[in-house]
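**Q** Structure of the sequence below:
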Amino acid sequence: MASLNKLKNVLMLAFDWILYGTGTTDTCKVTVTQPRFHEADYSMHTVFLTCGFAASGCSSSQPQVLWFRFLSNQHEDLCIPRCTDHQKYKVHISGNNNSLQINDLTVDDNAVYICGIAFSDSSSPHSKQTGDGTVLMK
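**A** Sure, this is the predicted structure:
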(Lines give C-alpha, C1' and ligand atoms only; values in the text may rest on other atoms or scores of the structure.)
Protein backbone atom coordinates (compact mmCIF):
# COMPACT_ATOMS: atom_id res chain seq x y z
CA MET A 1 0.00 0.00 0.00
CA ALA A 2 2.84 2.40 0.84
CA SER A 3 4.44 1.84 -2.58
CA LEU A 4 1.10 2.58 -4.30
CA ASN A 5 0.86 5.92 -2.45
CA LYS A 6 4.46 6.66 -3.35
CA LEU A 7 3.69 5.91 -7.02
CA LYS A 8 0.63 8.18 -6.88
CA ASN A 9 2.74 11.01 -5.44
CA VAL A 10 5.38 10.57 -8.14
CA LEU A 11 2.69 10.51 -10.86
CA MET A 12 1.06 13.65 -9.41
CA LEU A 13 4.41 15.44 -9.34
CA ALA A 14 5.06 14.37 -12.93
CA PHE A 15 1.58 15.52 -13.96
CA ASP A 16 2.08 18.89 -12.22
CA TRP A 17 5.43 19.30 -13.97
CA ILE A 18 3.83 18.55 -17.37
CA LEU A 19 1.02 21.03 -16.70
CA TYR A 20 3.52 23.65 -15.58
CA GLY A 21 5.65 23.08 -18.69
CA THR A 22 2.68 23.43 -21.04
CA GLY A 23 1.42 26.56 -19.34
CA THR A 24 -1.76 25.03 -17.96
CA THR A 25 -0.90 26.18 -14.47
CA ASP A 26 -0.12 29.68 -15.74
CA THR A 27 0.54 32.09 -12.88
CA CYS A 28 1.34 35.20 -14.88
CA LYS A 29 0.24 38.32 -13.02
CA VAL A 30 0.64 41.88 -14.27
CA THR A 31 0.21 45.13 -12.36
CA VAL A 32 0.04 48.42 -14.30
CA THR A 33 0.65 51.85 -12.81
CA GLN A 34 0.02 55.28 -14.30
CA PRO A 35 0.01 58.80 -12.87
CA ARG A 36 -3.55 59.97 -12.22
CA PHE A 37 -3.11 63.41 -13.76
CA HIS A 38 -0.87 65.17 -16.28
CA GLU A 39 -1.20 68.89 -16.91
CA ALA A 40 0.38 70.33 -20.05
CA ASP A 41 1.18 74.00 -20.37
CA TYR A 42 -0.41 75.80 -23.34
CA SER A 43 3.06 76.34 -24.83
CA MET A 44 3.73 72.57 -24.98
CA HIS A 45 3.39 70.87 -28.36
CA THR A 46 4.49 67.37 -27.29
CA VAL A 47 3.73 65.43 -24.13
CA PHE A 48 4.80 62.02 -22.79
CA LEU A 49 2.34 60.02 -20.69
CA THR A 50 4.08 57.34 -18.63
CA CYS A 51 3.07 53.81 -17.75
CA GLY A 52 4.95 51.24 -15.69
CA PHE A 53 4.25 47.60 -15.03
CA ALA A 54 5.40 44.71 -12.90
CA ALA A 55 5.05 41.09 -14.02
CA SER A 56 5.48 37.92 -12.00
CA GLY A 57 5.26 34.36 -13.25
CA CYS A 58 5.10 35.56 -16.86
CA SER A 59 7.17 34.46 -19.82
CA SER A 60 10.32 36.33 -20.73
CA SER A 61 8.73 37.47 -24.00
CA GLN A 62 8.10 41.16 -24.53
CA PRO A 63 4.47 42.03 -23.69
CA GLN A 64 2.18 44.02 -25.96
CA VAL A 65 1.77 47.64 -24.93
CA LEU A 66 -1.66 49.08 -25.70
CA TRP A 67 -2.97 52.64 -25.36
CA PHE A 68 -6.59 53.81 -25.43
CA ARG A 69 -8.26 57.10 -24.65
CA PHE A 70 -11.70 57.93 -23.37
CA LEU A 71 -13.34 61.13 -24.46
CA SER A 72 -16.61 62.37 -22.96
CA ASN A 73 -18.88 59.91 -24.81
CA GLN A 74 -16.62 57.45 -26.62
CA HIS A 75 -13.40 55.50 -26.46
CA GLU A 76 -10.68 55.42 -29.09
CA ASP A 77 -8.02 52.76 -29.75
CA LEU A 78 -4.75 54.66 -30.18
CA CYS A 79 -2.05 52.00 -30.21
CA ILE A 80 -3.22 48.37 -30.15
CA PRO A 81 -0.29 47.49 -30.53
CA ARG A 82 0.55 49.72 -33.48
CA CYS A 83 -0.47 53.35 -33.36
CA THR A 84 -3.34 54.36 -35.65
CA ASP A 85 -1.86 57.79 -36.39
CA HIS A 86 1.95 57.65 -36.58
CA GLN A 87 2.25 61.44 -36.87
CA LYS A 88 0.22 62.07 -33.72
CA TYR A 89 1.14 59.11 -31.44
CA LYS A 90 4.26 57.09 -30.75
CA VAL A 91 5.00 54.50 -28.05
CA HIS A 92 8.42 54.33 -26.38
CA ILE A 93 9.36 51.18 -24.47
CA SER A 94 12.24 50.78 -22.02
CA GLY A 95 12.15 47.66 -19.84
CA ASN A 96 9.06 47.74 -17.65
CA ASN A 97 8.32 51.37 -18.46
CA ASN A 98 6.74 52.86 -21.53
CA SER A 99 5.32 56.18 -22.57
CA LEU A 100 2.86 57.49 -25.10
CA GLN A 101 4.19 60.48 -27.01
CA ILE A 102 1.44 62.81 -28.20
CA ASN A 103 2.51 65.35 -30.83
CA ASP A 104 0.78 68.54 -31.99
CA LEU A 105 -0.99 68.80 -28.65
CA THR A 106 -4.28 70.74 -28.58
CA VAL A 107 -7.17 71.05 -26.13
CA ASP A 108 -8.94 68.39 -28.24
CA ASP A 109 -6.43 65.91 -26.77
CA ASN A 110 -7.89 66.39 -23.27
CA ALA A 111 -9.04 62.91 -22.27
CA VAL A 112 -8.34 59.95 -20.01
CA TYR A 113 -5.49 57.85 -21.44
CA ILE A 114 -5.39 54.19 -20.46
CA CYS A 115 -2.28 52.02 -20.73
CA GLY A 116 -2.65 48.25 -21.12
CA ILE A 117 -0.08 45.47 -20.85
CA ALA A 118 -0.77 42.03 -22.31
CA PHE A 119 1.30 38.86 -22.23
CA SER A 120 -0.63 37.29 -25.11
CA ASP A 121 1.14 33.94 -24.74
CA SER A 122 -0.39 33.50 -21.29
CA SER A 123 -3.79 32.06 -20.45
CA SER A 124 -3.86 33.59 -16.97
CA PRO A 125 -6.71 36.07 -16.47
CA HIS A 126 -4.22 38.39 -14.72
CA SER A 127 -1.79 38.46 -17.67
CA LYS A 128 -3.66 41.26 -19.42
CA GLN A 129 -4.21 44.36 -17.29
CA THR A 130 -4.82 48.08 -17.69
CA GLY A 131 -3.86 51.01 -15.55
CA ASP A 132 -6.40 53.32 -13.91
CA GLY A 133 -5.79 56.00 -16.54
CA THR A 134 -4.10 59.38 -16.73
CA VAL A 135 -6.22 62.49 -17.15
CA LEU A 136 -4.51 64.82 -19.65
CA MET A 137 -5.39 68.50 -19.44
CA LYS A 138 -3.94 71.23 -21.61
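**Q** Low-confidence ranges, the protein, go.
**A** 1-25 (pLDDT under 70).
**Q** which residues of this structure fall in helices?
**A** Taking DSSP state H as the criterion, the chain contains helices spanning 2-22.
**Q** what's the longest strand in the protein?
**A** Using DSSP state E, we find that the single longest strand of the chain is strand 47-56.
**Q** Give the buried residues for it.
**A** V47, L49, T50, C51, G52, F53, A55 (16 or more other CB atoms under 10 Å). Bear in mind the C-beta positions are built from the backbone N, C-alpha and C, glycine included.
**Q** Number of residues surrounding the nearest residue to L136 once chain neighbours are set aside?
**A** Ranked by CB to CB, 6 or more residues apart in numbering and with sequence neighbours excluded, the top spatial neighbour of L136 is H38, at 5.2 Å. The burial count assigned to H38 is 17, neighbours taken as other CB atoms under 10 Å.
**Q** cool, and R82?
**A** R82, neighbours per other CB under 10 Å, totals 9.
**Q** now it: how far from Y89?
**A** Separation of R82 from Y89 (CB to CB, to the nearest Å): 10 Å.
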